[in-house]
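Student: only geometry, no sequence info:
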């Protein structure tokens, strides 16, 4: 049975294409994924790997967004008409000579699209197609599920001309598609509570809303996930986002990035995070100086400076982890934990950080583990006098592992002296 729908004809390079809309129910029923293409087996490993669907992402991210969001929207999908024919009847013959000139000038490219026979193959949009299918089949439930089948989706149809051309289009469409960066997602998300709060922290009057010296921009790098050597930014939006997640999680807040909480809840969460950040910024002298004059930050961030780790995102995440652990079960109030943290040796070259936050070569360690191990060490340094023997033994084990030692075989490494031992009077020990 032929598919007959209104459409618009276009031309790009040596390819004609036709843009139209389809109901989701018809799209799911009539379009096959790219992996079902007969020529799939002749494609290169690279081409095939590019399009192997990420089913976890489909089930946990895309499908819930479609099923739960009233504001759901996504761009056009590209569909190949394979071994079928595309016929296009323009409105030119139906437009009266008495019609306005503007109508006559566009009527050649507006008309009715008829697709007869063959198969419809999804070249770009298979993750969205699979997500829509899961929603329609009831595999993913949400308040908008019943409305989804009647949604209109934008589809661009192209005619299969040869295997070579199809593979080339298939490869280029996906190779040059650039996913949004982590920073972009944080800046634009309206459902992820941690992202919303991270942005609010950069507003005027907020803890991180201070303008960088000589700039109209804030002191947080939000255009990149890294800090340049000469950057006058204190940290990155990605690091701020992670601290928000850590703080909210420690307060028992569920971190659902796809479910926007109420405004009342958002205000409460923000106040909690704002207070935490204010205490940290006010309690650490290097941060106070940086906020007062951000032009000093590049010098303070240099590896040989006394507080260099406090100006590295990895060190900042470790700090927040350590502070959160230290205040757990009300063992230390946050202000006291920060006061103790201010007495830690934060220089990158300090031996206490080697193999924890800093590689033996002197460069920062990368990955998810360094902030975790660094946070545990900071927890010990500022709250050892509040920890049980079992907890200290766990820290010792982690410290040995970080240094490549087996606590059950090798002699344990000596943990650095905690602040309570180095400054007993200052901490009231």
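Tutor: Thanks, I have the structure now. Just so we're clear, the structure is a prediction, and the values are computed from it rather than from any experiment.

Student: buried set for stretch 73-83?
Tutor: Neighbour-count burial for stretch 73-83 flags 77, 78, 79, 80, 81, 82 (criterion: 16 or more other Cβ atoms under 10 Å). Using the backbone N, CA and C atoms, a C-beta is placed for each residue, glycine as well.

Student: and which of those is nearest to residue 240?
Tutor: Nearest to residue 240 among the buried residues of stretch 73-83: residue 77, at 34.8 Å, using Cβ to Cβ.

Student: Now that closest one. Nearest residue, chain neighbours left out?
Tutor: residue 125 (3.2 Å; Cβ to Cβ, 6 or more residues apart in numbering).

Student: Other residues contacting stretch 6-26?
Tutor: Outside of stretch 6-26, the residues within contact range by Cβ atoms under 8 Å, 6 or more residues apart in numbering are 5, 30, 76, 86, 88, 90, 108-113, 132, 136, 148-159, 169.

Student: in what helix or strand does residue 317 lie?
Tutor: Under the criterion of DSSP states H and E, residue 317 resides in helix 313-326.

Student: actually residue 196, not the one I wrote
Tutor: Residue-wise, residue 196 maps onto helix 193-200 under DSSP H and E.

Student: buried ones in that helix?
Tutor: 193, 194, 195, 196, 197, 198, 199, 200.

Student: just checking, what packs against it?
Tutor: Helices and strands touching helix 193-200, as assessed by 3 or more Cβ pairs under 8 Å, 6 or more residues apart in numbering; DSSP states H and E, comprise helix 182-188, helix 237-250, helix 263-283.

Student: Contacts for the last one, please.
Tutor: Read that as helix 263-283. 193, 196-197, 200-201, 206-208, 243-244, 247-248, 251, 253, 260-261, 287-288, 291, 319-320, 323, 334-335, 338-339, 341-342.

Student: so of the contacts of stretch 6-26, which ones are in helices?
Tutor: Among these, the ones falling in helices (DSSP state H) are 30, 132, 136, 169.

Student: separation between the residue nearest the centre of the chain and residue 191?
Tutor: For the chain, residue 182 is the residue whose C-alpha lies nearest the centre (Cα atoms, centre = their mean; 3.7 Å). Residue 182 sits 16 Å away from residue 191, going by Cβ to Cβ, to the nearest Å.

Student: what about residue 161, how many neighbours?
Tutor: Counted with other Cβ atoms under 10 Å, residues neighbouring residue 161 total 13.

Student: Assumed it was part of a strand.
Tutor: No: when classified by DSSP: H, G, I helix; E, B strand; the rest coil, residue 161 is found to be coil rather than part of a strand.

Student: any idea of the pLDDT on it?
Tutor: Residue 161 carries a pLDDT value of 87.

Student: who's in contact with stretch 84-101?
Tutor: Contacts of stretch 84-101 (Cβ under 8 Å, 6+ apart): 7, 9, 18, 103-104, 107-120, 157, 159-160.

Student: Please convert the buried members of those into PyMOL selection syntax.
Tutor: Filtering the contacts of stretch 84-101 down to the buried ones (16+ other Cβ under 10 Å) takes a single PyMOL command:
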select buried, resi 7+9+18+107+109+110+111+113+115+119+120+157+159+160
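
Student: so where is this protein shaky, pLDDT-wise?
Tutor: Scanning the chain with the threshold set as pLDDT under 70 gives 1, 34-52, 95-99, 174-178, 406-412, 425-429.

Student: Show me where it has its strands.
Tutor: For the chain, applying DSSP state E gives strands covering 3-12, 15-23, 31-32, 77-82, 85-90, 110-116, 119-124, 152-159, 220-221, 235-236.

Student: Closest to residue 404 out of the buried residues of helix 193-200?
Tutor: When those are compared against residue 404 (criterion: Cβ to Cβ), the nearest one is residue 194, at 34.2 Å.

Student: show me what contacts that closest one?
Tutor: Per Cβ under 8 Å, 6+ apart, neighbours of residue 194: 241, 244, 245, 248, 255, 257.

Student: how much space is there between the third one and residue 324?
Tutor: The span separating residue 245 from residue 324 equals 11 Å under the rule Cβ to Cβ.

Student: again with the second one
Tutor: Counting by Cβ to Cβ, the gap between residue 244 and residue 324 amounts to 12 Å.

Student: between these two, who's got more neighbours?
Tutor: Counted by other Cβ under 10 Å, residue 244 and residue 324 do not tie: residue 244 has more neighbours, with 30 against 20.
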